[in-house]
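Undergrad: Take this sequence and fold it.
(2 chains)
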Number of protein chains: 2
Amino acid sequence: MSFSNLDLVDECDAFPYYQVDPPLYVASISTYFELRVQDHDYAVGYMLPSVAEVFRNTPNWTLDDDERTLTLNGGSNAAERSQAVMRTLIAVRQTGHFKVLDKWRNELYPVYGKNKELLFNVERSASPLLGVVTYGVHLTAFVRTKEGGLKIWTPRRARTKQTYGGLLDNAVAGGIASGEGQFESLVRECGEEASLAEELVRSKAKACGSVTYFHVRSEKAGGETRLLQPECQYVYDLELPADVTPKPGDDEVEEFYLWSVDEVQRAMARGEFKPNCALVVLDFFVRHGILTAENEKDYIEIVSRLHRKLEFPTL
Amino acid sequence: MSFSNLDLVDECDAFPYYQVDPPLYVASISTYFELRVQDHDYAVGYMLPSVAEVFRNTPNWTLDDDERTLTLNGGSNAAERSQAVMRTLIAVRQTGHFKVLDKWRNELYPVYGKNKELLFNVERSASPLLGVVTYGVHLTAFVRTKEGGLKIWTPRRARTKQTYGGLLDNAVAGGIASGEGQFESLVRECGEEASLAEELVRSKAKACGSVTYFHVRSEKAGGETRLLQPECQYVYDLELPADVTPKPGDDEVEEFYLWSVDEVQRAMARGEFKPNCALVVLDFFVRHGILTAENEKDYIEIVSRLHRKLEFPTL
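TA: Numbers count the residues shown, from 1 in each chain, chains lettered A, B, ... in the order given. This is a model prediction of the structure:
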């Protein structure tokens, strides 16, 4: 089985597009409940009916079967709403009903409104249950060889990891916790995941855009399937000197390979990359003239889909 | 009046998004007719009713008021369909009905189907009447100064030009004619518009992605307004040596300025750039870490909207 680059995009950015197939989009969206916040007349997430059902008759929440909305009405500011969400999630976790909550992280993710205001924070492991947008940083570390070719530092995730164990990753990748700046998050992750010196990262890492997609969780992610994960990854490039070698700083990474573009492309085609990391590699290839209109037949579609306009407010 | 970067995006990528405001999108799309090709059950463009009306009772076309579709049914292959389109457009041009046809270019633009097959060619000046996707190349030429800052070669369009006269442009920009490759088109335009040597362009110009948007023509473009222009621009970067100076090769450009990022940003804020060229500059700023999540509050929205997933098949 060989995956085309568009196959890799399809796997990660899996939710249908209205502009491609209106009936399919409407049918798909209609199988979910909108997550709303009181006095805000728009969705901040989409939830499976089987998840929304658990919030029925729960204090601080209103489930409307006709409108197919679940509304958070506890609290009138971000702090109060966050507390209401946390209280519910702690209770839900105790029931053991959802597998994704078994990986409770004690880390808060932000959910924003249309004016980029913080609406509430949510425990990281619960964000796919609510179907809210989450944010992360992904860095591609590369070396320019004397012959002119690029080599890309490519880590393999520990085989013991519960999610996507043994798959290939970007040099550094992590979620942005509530209140943390994008670049500060990157600096922290570079130290934790690749043992890269703070000064090097601060002086050399370059912001290069964002990759956004609307993922539908499959078995690969572990836990419940069909949960929605709209995500935004801030992407960075870091050209490393030849004498700097990233080293796993925790037990999340098994080993770093220094691979040619060709080696990376072959591993992508074998489906060996974590799905969203494959998208970050594709974005890198596009920006560096490795994928072009001439050698990639799905160029325009791929470039567009790496930067999906999500149906929810984003930061 | 000062324009934010998002204002500049809004001006160019002006057609509503379904995922932001479904009723507005549906109401907007409903004011147009779908352009279709016989035996292909999807839109390849959207046309104003006042334009579609002109094709009523014309050989090779069927206007369906109930379905709000205009279908090209003359011809069973690209060559025959192109001939049918040309025959109609020559007749329409003779009536003097549409101002955009006064700028007849004798240049053919391709219209593709879902399998990336050529459906037909259309005279360039008529493409906004049909509302079909058009393709171009845009190149940003820049210099790295000794102090480390970037300077960007920025041409001012001749004030005598009928469209967007006197506005600022990208170093090189042009449409891709039917049958022409993207990079070959770029090489040709670099010679014609900036007098850049072919060898330099072939060895140094780097493909960096594509910028796609759904434009609604305003008075600025000249001719009829509210015509739809979904466009795809292949973007390239060219780092020029300090001793190479782009020179206008035809009468389309008045002068080239070598401007700092700050100078370019101020001209953008004054609204001095041709709308789609401003988007290419924004894409350059994103890819080069000039615009970041920290200094641009609308970062994610801007990055997404520079790469719109269009509602039509693209190459």
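Undergrad: what's the span of stretch A:263-278, first residue to last?
TA: Stretch A:263-278 stretches 13 Å from its first residue to its last (CA to CA, to the nearest Å).
Undergrad: mind listing what's buried in that stretch?
TA: Within stretch A:263-278, the residues scored as buried using 16 or more other CB atoms under 10 Å in any protein chain shown are A:264-265, A:267-269, A:271-278. Bear in mind the C-beta positions are built from the backbone N, C-alpha and C, glycine included.
Undergrad: Where helices are concerned, which of the residues you listed count?
TA: Residues of these located in helices (DSSP state H): A:264, A:265, A:267, A:268, A:269, A:275, A:276, A:277, A:278.
Undergrad: Just give the nearest non-adjacent residue to the fourth one, would you?
TA: For residue A:268, ignoring the flanking residues on the chain, the nearest one in space by CB to CB, 6 or more residues apart in numbering or on different chains is residue A:278 at 5.6 Å.
Undergrad: hang on, the earlier thing: in TSV, list the ones in helices among the buried residues of stretch A:263-278 along with pLDDT.
TA: As requested, those are exported to TSV (pLDDT from 0 to 100):
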residue	pLDDT
A:264	98
A:265	98
A:267	98
A:268	98
A:269	98
A:275	97
A:276	98
A:277	98
A:278	98
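Undergrad: Next, the residue positioned nearest the centre of chain A: secondary structure please.
TA: Computing the C-alpha centroid of chain A and ranking residues by CA atoms, centre = their mean puts residue A:231 first, at 4.2 Å. The three-state label given to residue A:231 by DSSP: H, G, I helix; E, B strand; the rest coil is strand.
Undergrad: Correct me if wrong: it contacts residue A:276.
TA: Yes - counting by CB atoms under 8 Å, residue A:231 does reach residue A:276; the two are 6.6 Å apart.
Undergrad: Now list whatever residues contact both of these two.
TA: Common contacts of residue A:231 and residue A:276 (CB atoms under 8 Å, 6 or more residues apart in numbering or on different chains): A:213, A:215.
Undergrad: what's the distance between the residue nearest to the centre of chain A and residue A:310?
TA: From residue A:231 across to residue A:310, the span is 9 Å (CB to CB, to the nearest Å).
Undergrad: Need the overlap of contacts for the two.
TA: Joint contacts of residue A:231 and residue A:310 (CB under 8 Å, 6+ apart) are A:133, A:212, A:214.
Undergrad: Looks to me like the second one is in a helix.
TA: No - counting by three-state DSSP, one finds residue A:212 to be strand, located in no helix.
Undergrad: how many neighbours does it have?
TA: Residues contacting residue A:212 under the criterion other CB atoms under 10 Å in any protein chain shown number 25.
Undergrad: Might you report the residue contacts of it?
TA: By CB under 8 Å, 6+ apart, residue A:212 lies in contact with A:230-233, A:306-310, A:314, B:300, B:303-304.
Undergrad: Which member of the residues you listed is positioned nearest residue A:223?
TA: residue A:231 (15.9 Å; CB to CB).
Undergrad: In contact with the closest one, which residues are there?
TA: Residue A:231 makes contact with A:133, A:134, A:135, A:136, A:212, A:213, A:214, A:215, A:276 under the criterion CB under 8 Å, 6+ apart.
Undergrad: and what of residue A:205?
TA: For residue A:205, the contacting residues are A:139, A:183, A:186, A:187, A:190, A:236, A:237, A:238, by CB under 8 Å, 6+ apart.
Undergrad: Next one: the third one from residue B:301, what distance?
TA: For residue A:186, the distance to residue B:301 under the criterion CB to CB works out to 21 Å.
Undergrad: and the two? which has more neighbours close in?
TA: residue A:186 (28 against 23).
Undergrad: how about the nearest residue to that one, chain neighbours excluded?
TA: Excluding the flanking residues, the one nearest residue A:186 by CB to CB, 6+ apart is residue A:137, at 4.4 Å.
Undergrad: how about stretch A:216-231 as CSV, C-alpha atoms only?
TA: Below are the C-alpha coordinates for stretch A:216-231, written out as CSV (Å, rounded to 0.1, in the frame of the first residue of the first chain):
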residue,chain,number,x,y,z
VAL,A,216,-12.1,12.9,12.7
ARG,A,217,-10.6,10.5,15.3
SER,A,218,-10.0,6.9,14.2
GLU,A,219,-8.8,3.9,16.0
LYS,A,220,-5.2,5.0,15.6
ALA,A,221,-5.7,7.8,18.1
GLY,A,222,-6.9,5.4,20.8
GLY,A,223,-10.2,5.9,22.7
GLU,A,224,-13.6,6.8,21.1
THR,A,225,-13.8,7.1,17.4
ARG,A,226,-15.6,9.7,15.3
LEU,A,227,-14.8,12.4,17.8
LEU,A,228,-14.0,15.7,16.0
GLN,A,229,-10.7,17.4,16.4
PRO,A,230,-10.4,20.8,14.5
GLU,A,231,-6.7,21.7,15.0
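Undergrad: quick check: mean pLDDT across it?
TA: Averaging pLDDT along stretch A:216-231 yields 93.
Undergrad: Would you mark the buried spots in stretch A:279-292?
TA: A:279-288, A:290-292.
Undergrad: So is that stretch next to chain B?
TA: Yes - residues of stretch A:279-292 contacting chain B under CB under 8 Å from any CB of the partner chain: A:286, A:287, A:288, A:289, A:292.
Undergrad: For chain A, what lies in contact range of chain B?
TA: So chain A meets chain B at A:17-20, A:116, A:181-183, A:206-210, A:212, A:232, A:234, A:286-289, A:292-294, A:297, A:299-301, A:303-311, A:314-315 (CB under 8 Å from any CB).
Undergrad: Return the subset of the residues you listed lying in strands.
TA: Counting by DSSP state E, these place A:206, A:207, A:208, A:209, A:210, A:212, A:232, A:234 in strands.
Undergrad: The first one - nearest residue in space that isn't next to it in sequence?
TA: By that I understand residue A:206. With CB to CB, 6+ apart as the criterion, residue A:206 has its nearest non-adjacent residue at 4.1 Å, and that residue is residue B:289.
Undergrad: does residue A:307 have beta-bridge partners, and which?
TA: residue A:212 (DSSP bridges).
Undergrad: which residues does it contact?
TA: The neighbours of residue A:307, taking CB under 8 Å, 6+ apart as the test, are A:209, A:210, A:211, A:212, B:303, B:304, B:306, B:307.
Undergrad: Check these and tell me the two furthest apart.
TA: Maximum pairwise distance among the contacts of residue A:307 (CB to CB): 12.8 Å, between A:211 and B:306.
Undergrad: Tell me the secondary structure at the spatially closest residue to residue A:175 that is not a sequence neighbour.
TA: Nearest residue to residue A:175 in three dimensions, chain neighbours excluded: residue A:136, at 4.7 Å (CB to CB, 6+ apart). Assigned with three-state DSSP, residue A:136 falls in the strand class.
Undergrad: Just the pLDDT at residue A:136, thanks.
TA: Looking at residue A:136, its pLDDT stands at 98.
Undergrad: what do you get for residue A:191?
TA: The model's pLDDT for residue A:191 equals 96.
Undergrad: what's the answer for residue A:238, then?
TA: Residue A:238 carries a pLDDT value of 98.
Undergrad: for residue A:300, same thing?
TA: Residue A:300 is given a pLDDT of 98.
Undergrad: the domain parsing of chain A - what is it?
TA: As recorded under automatic domain parsing, the domains making up chain A are A:5-14+A:133-305, A:32-127.
Undergrad: Next secondary structure element downstream of the longest helix along chain A?
TA: The longest helix of chain A (DSSP H) is helix A:78-95. Using DSSP states H and E, the helix or strand that follows helix A:78-95 in sequence is strand A:108-112.
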